[in-house]
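Visitor: Any chance you can model this:
(one chain, ligands or ions: 2)
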Amino acid sequence: MKTVEVAVGVIHRDGQIYITRRAQQLHQGGKWEFPGGKKEQGETVHQALCRELTEEVGIDVQSTEPLLVVEHDYGDKKVRLETLLVTRFGGEPYGREGQQGQWVKLNDLSNFDFPEANKAILQKVLEALA
Ligand SMILES: Nc1nc2c([nH]c(=O)n2[C@H]2C[C@H](O)[C@@H](COP(=O)(O)OP(=O)(O)OP(=O)(O)O)O2)c(=O)[nH]1
Ligand SMILES: [Mg+2]
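Guide: Ligands and ions are numbered 1, 2, ... in the order given. Take a look at the predicted model:
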């Protein structure tokens, strides 16, 4: 099975993270996620994330830092989530594709239902920011 390469952004501001909810019909539908999407050919992870975060949440990413890479096999799909911390951005995020989105305090993140691959990301986010 081919691994899908995904750029994932942890959008951080003042102790809160902006998360969105995946549409029901998508892979891992209905779960909360850190916005992002598949890398296109020839893109760096930073470039892919800039494009995806403009498309999905309408922000202009200005700087990122690598956080971690997670590989996960869902059985029906294998993903490699290259996760970046978004340290500076312009604009205010919103669910530009009609999806739900909200700012969540670091301490409340674990109350949301994320895909299985996100466990490691969540742990790392709390280590890095809490
Ligand atoms: N964006 C994102 N994807 C995640 C997370 N956790 C996780 O397992 N995934 C998986 C779900 C999907 O299989 C894959 C991301 O693909 P996607 O559906 O967001 O890709 P995309 O935005 O490019 O969407 P599309 O153009 O294919 O519609 O990674 C997460 O926190 N954020
Ligand atoms: Mg996406």
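Visitor: so W103 makes contact with Q16?
Guide: Yes. Using CB atoms under 8 Å, W103 is in contact with Q16, at 4.3 Å. Yep, even glycine has a C-beta here, placed from its N, CA and C like the rest.
Visitor: which parts of the chain sit against ligand 1?
Guide: 4, 6, 8, 26-28, 33-38, 52, 77, 79, 81, 115, 117-118 (CB under 6 Å from any ligand atom).
Visitor: again, only using 5 Å
Guide: Applying the criterion CB under 5 Å from any ligand atom, the portion of the chain that neighbours ligand 1 consists of V6, V8, H27, Q28, E33, F34, G36, G37, K38, V79, P115, A117.
Visitor: Any chance of TSV for the residues you listed, columns secondary structure?
Guide: As requested, those are arranged in TSV below (DSSP: H, G, I helix; E, B strand; the rest coil):
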residue	secondary structure
V6	strand
V8	strand
H27	coil
Q28	coil
E33	strand
F34	coil
G36	strand
G37	strand
K38	strand
V79	strand
P115	coil
A117	coil
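Visitor: Among those, which one lies nearest to ligand 1?
Guide: For the residues of the chain next to ligand 1, the closest approach to ligand 1 (CB to the nearest ligand atom) belongs to G37, at 2.4 Å.
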